[in-house]
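**Q** Based on what follows, work out the 3D shape:
(3 chains)
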Amino acid sequence: MMHMLQTSLEVLKPFLLPLIYAVAIVAVLPLIAGYIVLMERKVMAHMQVRLGPMRVGPHGLLQPIADAVKLLLKEDIVPESADRLIFWLAPILSMTAAMLALAALPFGPGFQIADLNIGLLFVVGISSMGIFGIVLGGWASNSHYSLLGALRSAAQLVSYETAAGMAIVGALLLAGTLSLRDIVEMQENAGMWFAFAAPVGFFIYLVASIAETNRAPFDMPEAESELVAGYMTEYSGFRWALYFLAEYTNVVVVASIATTLFLGGWLRPFPHTHALDFLDWFPPGLMLGLAGYSLFRAPKQPVLIQKLVMVLVAGMFAAFAAILLAPILATHLAGASSIALLVASWKPALHGGFWFLLKVFLYIYLFMWLRFTFPRYRFDQLMRLGWQFLIPISIVNVMGIGLGLALHRQWGWPVAPALILTTLITLAIAAALAKTGEKKESSEAIVGEFWGSGRDA
Amino acid sequence: MGSSGDPAVMLDRILFDLFAGLAILSAILVVTRRNVIHSAIFLITTLLATAGIFLQLHAEFLFIVQIILYVGGIMVLFVFVIMLVNLDVSLHQMQFRRQWWVGLLLALALGAETVAAIYIGRLGLPGPNTAPPAAVLEPNTELVGRVLFTAYMLPFEIASVLLLVAMIGAVVMAKRRT
Amino acid sequence: MIGTGHYLFLSLALLLIGVVGVVTRRNVIVILMSIELILNAVNINLVAFSRLAGSVEGQVFAIFIITDAAAEAAVGLGIIIAFFRNRETVLSDEMDLLKW
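**A** Numbers count the residues shown, from 1 in each chain, chains lettered A, B, ... in the order given. Predicted coordinates for the structure are as follows:
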C-alpha cells in the first residue's frame, strides 16, 4: 500500500511543476483577458477623442471586476429547443482550446509549461480545434442568426488558417525546428528577428491572425450591426463571458505566436551587442515611470477610494520595478556572494518575461489600432481576400524563403542579399496579384451592390 | 519486480488504459447515438483518444497530424455537412436497420477469425518483455520527414495528386447547377 | 509492459465497432463516420507495430492513410450533399434509384 502510494507519487512528480504553472495560468488568465478588454475600451475611447470607462475605479481600472461580477450574477437562459449537451459544451470547447495553446508558448527562457519538440504544430492544431466551439455553439442555439453567424465565422477561420499556417511555415524554414524555444534561440543565434528576415511572412501572419481571431476589420460574423451577435446571440451571463474570454485569450495566443516566431520572443533587441546594454535598464525604468505617473495622478482622483486604488497601482508597479532591478544590481551591491549570483541568474528569465510581454502588448495594441481605423470587410470581400490573395502570396512566400535559403546554403550568397532578393520577388508577385484582383473587383463596387439600381445620392 | 512498480511503466500503463478505454467508449457511442451531431462529437473524442495512443507510442508527428488533419479538418467538414443535411424528422425515424443482428453476428465472426489468426501467429509477434529499440524513433519528425522525402517520395507525390483530385471532385459535386 | 497484444485488441475492438456501424446504421453520414473508425483502427495497428519493430515506416504509411481518409471524406460528403439536394434524404434505405 505504501509502496503503491510512493510509486504513484514518483509517477506524478514530473507533472507537479507544470501543473502549478497551468493552475496559475488558468487562474490568472480571465483577469488578464478582462484587463485587455478594458485596454481595448480605453484605446477605442482615446482614439475617438473621448474618455471611456472612468467611474468604476480610477480611470476605470476596476471595470473588468465589475463586469465579471455582473456576468456571473446574470440569469442563465437556455433556449427551449436548444440541444442542451452541445449548448453547454461549446463555450467550454472554445475556452479549452484557447487556454491549451498557452501551454506550449515560451514566456521566457525557463518559463514554459511544456517544451514540446512539436510545439509549433501543437499550437496550430489546438487553434484549429477552437473552430468547433464556434460551430457547435451556433448549431446548439437552434436559431437562424446563430447558425448563419457560426457558419460564416467558421468558414472565415478555416480559410485564414491556411494562410496563417503557410506564413508559419516560412518562419519554420528559417528556424529549422518545430520547438518554440529553439525557434527563439535560432533568432538569437542569427542575431536577427525573423520579422526582418521574412517581412512578407510576418505581414501575412499579421493579417491572417486578425482574421483568425474574428477581429475588425474582419469581424463581419460577429459585428454588432450584423446578424445580432452571430454565434453568441443566444448565450447570456457566464456562458457568454466564456466565449468572450476565449476570444481575447485567442488574441493573446496569436500575439504570443507572432512574438515567438517573428519578433524574437523573450530576446532584448540586440541581445549580444554590449554597446546597447543600457537597454537592460529599460524594463525597471518603464515600471518606475508608470509607478511615478500613477502616484502623480493619485491626488487628482475625485473619490478617496479611487485615490487609494491609484496608490496601490503605483505600489504594484514599484514592486515590479524592484523585481526587475534586483538581478541587475545584485552583483553590484553584494559582490560575488552566492545569493547575489542566484539573484543575478534570474535575469534572463525575468527580463525575458518582460520583453515578451512588452512585445505581446505592442502586437495587441496594433490589433486595436487597426480595429478602430479601418472599416469592416463585407463577407464575400473577406473570403476573396483570403483565398485569392493571401493564400497564393503565402505559398509564394514559402517558395521565396526556400529560394533564399538555397541561395545562402547551396550557392554561398551572404544572408542579407539572399533574403532581400527573395523579399523583393515576393513583393513583386504580390503586387501583380493585387493588381489583377483589383481589376476583377472594381466591377462590383460596394455602392452598386448595396444600393442596387435605385441610387439616391 | 521492477517491471510492475517502475514509475515510467506505470505511467505508460495508466495512459494506455485511459486512452484505450476512452477510444472504445466513444466509438460505441458514435455508432449508437440517435442525434448525428452527438455522433460527430463522440467521433471527435475517439480521434483525440487515438491521437493520445499515438503520443503514448512516441509517434509525436502522427499525434499532431491526427489532430490537425482529422480533428481540425475532416471533422469540421463532417459537422458542416451534418448541419446542411440535418432533418428534424430524422430524430423520429428508425436509426438501425431491421437486420441489425446480422451486423452483430458478422462483427463477431470477423472478431473470432482475427483472434484465431493472432493466436496462431502469436509466436512471431514481439513479446511483452523485449524492450523496443525506442531510440530509433527519436527525433520523430525529422525521421518521418527524411523517410517521406527519400524512400517514399513517389507515394507522397501521388497522395498530393489524390488530394488535388478530391478537392476538385468535391467542389464539382457540391456546386449548384445554375 | 504493454505488449503487442494490447494494441492489437484495441485495434480489433475499434475495427469491429466500425464494422457494426457500417452494416447496421441507416444514416449515410454515420456510415461514413464508422468508416473513419475503421481507418483509425488500422492506424493504431500500424503505429503500434512501427514502434515495437523500431522502424518509422509504419508511421509514414499511417500518414498516407490519414491523407486518403481526408480525400475520401471530402468526396463522400460531396456526394451526400448532391444526393440530398435531389432526394431530401440521407437514409441509405431510401437511396434506391438503381433498383429495378
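
**Q** quick one: stretch A:136-151 to chain centroid distance?
**A** The chain centre lies 26 Å from the centre of stretch A:136-151; the measure is CA atoms, centre = their mean, to the nearest Å.

**Q** Could you pull up the contacting residues of residue 60?
**A** This is for chain A. A:38, A:41, A:42, A:52, A:53, A:54 (CB atoms under 8 Å, 6 or more residues apart in numbering or on different chains). In this view, the C-beta of every residue, glycine as well, is placed from N, C-alpha and C.

**Q** That was the other one, I meant chain C.
**A** Contacts of residue C:60 were listed using CB under 8 Å, 6+ apart, and they are B:144, B:147, B:148, B:152.

**Q** Residue A:74 now?
**A** With contact set as CB under 8 Å, 6+ apart, residue A:74 has these partners: A:236, A:237, A:238.

**Q** Look up how far residue A:235 lies from it.
**A** From residue A:74 across to residue A:235, the span is 11 Å (CB to CB, to the nearest Å).

**Q** Common neighbours of these two, please.
**A** Counting by CB under 8 Å, 6+ apart, residue A:74 and residue A:235 have no common neighbour.

**Q** Which pLDDT value goes with the closest residue to chain A within chain B?
**A** The nearest approach of chain B to chain A comes at residue B:72, 3.1 Å away (CB to the nearest CB). pLDDT recorded at residue B:72 is 91.

**Q** count of neighbours near it?
**A** 24 (other CB atoms under 10 Å in any protein chain shown).

**Q** so what's residue 95 scoring on pLDDT?
**A** No chain in the question, so chain A it is. 92.

**Q** try again with chain C
**A** 83.

**Q** Now do it against residue C:87, distance only.
**A** Distance check for residue C:95 against residue C:87: by CB to CB, it reads 7 Å.

**Q** Walking through the stretch 201-350 of chain A, point out its helices one by one.
**A** In the stretch 201-350 of chain A, the helices defined using DSSP state H, counting those that start in this stretch lie at A:238-262, A:282-297, A:304-334, A:338-344, A:347-371.

**Q** Ok, which of those comes nearest chain C?
**A** Ranked by CB to the nearest CB, the member of the helices of the stretch 201-350 of chain A that lies closest to chain C is helix A:238-262, at 24.4 Å.

**Q** That closest one and chain B, any residue contact?
**A** No - for helix A:238-262 and chain B, the contact criterion (CB under 8 Å from any CB of the partner chain) is not met; the two come no nearer than 14.7 Å.

**Q** Let me see the mean pLDDT of that helix.
**A** Looking at helix A:238-262 alone, the average pLDDT works out to 92.

**Q** got the phi/psi numbers for residue 78?
**A** Using chain A here. Residue A:78 adopts backbone torsions of phi -120, psi 120, taken as degrees, to the nearest 10.

**Q** I'd like to know how far the residue of chain B closest to chain A sits from residue B:15.
**A** 23 Å.

**Q** Equivalent analysis for residue A:6, please.
**A** 20 Å.

**Q** okay, those two: which has more neighbours?
**A** In terms of neighbours (other CB under 10 Å), residue B:15 is the more surrounded of residue A:6 and residue B:15; the figures are 15 against 12.

**Q** Would you confirm that the more buried one contacts residue B:52?
**A** Yes - the pair residue B:15 and residue B:52 passes the contact test of CB atoms under 8 Å, sitting 7.1 Å apart.

**Q** Identify each buried residue in stretch A:308-320, please.
**A** Across stretch A:308-320, burial judged by 16 or more other CB atoms under 10 Å in any protein chain shown covers A:309, A:310, A:311, A:313, A:314, A:317, A:318, A:320.

**Q** Check those and tell me the two furthest apart.
**A** Of all pairs drawn from the buried residues of stretch A:308-320, the one with the longest distance (CB to CB) is A:309 and A:320, at 16.7 Å.

**Q** Would you check which of the contacts of residue A:60 are in contact with chain B?
**A** Restricting the contacts of residue A:60 to those touching chain B (CB under 8 Å from any CB) yields no residues.

**Q** Quick one: which of these is the most crowded by neighbours?
**A** Compared across those, residue A:38 has the highest neighbour count, 21 neighbours, by other CB under 10 Å.

**Q** Against residue A:12, how distant is residue A:2?
**A** The gap separating residue A:2 from residue A:12 is 16 Å, by CB to CB.

**Q** what about those two, which has more around it?
**A** Comparing residue A:2 with residue A:12 by neighbour count (other CB under 10 Å), the higher total belongs to residue A:12, at 12 against 6.

**Q** Tell me which stretches of chain C form helices.
**A** In chain C, helices defined by DSSP state H lie at C:4-24, C:28-53, C:57-87, listed in chain order.

**Q** Neighbours of residue A:69, how many?
**A** The number of residues packed around residue A:69, counting by other CB under 10 Å, is 10.

**Q** any chance of the helices of chain C in TSV, plus mean pLDDT?
**A** Conversion of the helices of chain C to TSV gives the following (pLDDT from 0 to 100):
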stretch	mean pLDDT
helix C:4-24	93
helix C:28-53	93
helix C:57-87	92
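
**Q** will you turn those into CSV that also has distance to residue A:132?
**A** What follows is the helices of chain C, written out as CSV (distance: least, CB to CB, whole Å):
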stretch, distance to residue A:132
helix C:4-24, 22
helix C:28-53, 15
helix C:57-87, 16
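
**Q** interface residues of chain A facing chain B?
**A** When proximity is defined as CB under 8 Å from any CB, chain A approaches chain B at A:3, A:7-8, A:10-11, A:83, A:85-86, A:89, A:116-118, A:121-122, A:124-126, A:128-129, A:131-132, A:135-136, A:139, A:147, A:151, A:154, A:158, A:178.

**Q** Verify the stated contact: the residue of chain B closest to chain A with residue A:122.
**A** No - judged on CB under 8 Å, residue B:72 makes no contact with residue A:122 at a distance of 11.8 Å.

**Q** Can you work out which residues contact both of these two?
**A** Shared contacts of residue B:72 and residue A:122, defined by CB under 8 Å, 6+ apart, are not found at any residue.

**Q** Need phi/psi at residue A:272.
**A** Reported as degrees, to the nearest 10, the phi and psi values for residue A:272 are phi -100, psi 0.

**Q** Let me know the distance separating the closest residue to it other than its chain neighbours from chain C.
**A** Counting by CB to CB, 6 or more residues apart in numbering or on different chains, residue A:272 lies nearest to residue A:191, which is 6.6 Å off, once chain neighbours are set aside. Residue A:191 sits 35 Å away from chain C, taking CB to the nearest CB, to the nearest Å as the criterion.

**Q** Around residue A:191, how many other residues sit close by?
**A** By the measure other CB under 10 Å, the count of residues near residue A:191 is 12.

**Q** thinking it is in contact with residue A:269, fair?
**A** No - the pair formed by residue A:191 and residue A:269 falls short of the contact definition of CB under 8 Å, at 10.9 Å.

**Q** What sits closest to residue C:94 if chain neighbours are left out?
**A** Taking CB to CB, 6+ apart as the measure, residue C:94 lies nearest to residue C:87, with 7.0 Å between them; neighbours along the chain are not counted.

**Q** contacting residues around residue C:17?
**A** Residue C:17 touches B:24, B:27, B:28, B:30, B:31, B:107, C:34, C:37, counting by CB under 8 Å, 6+ apart.
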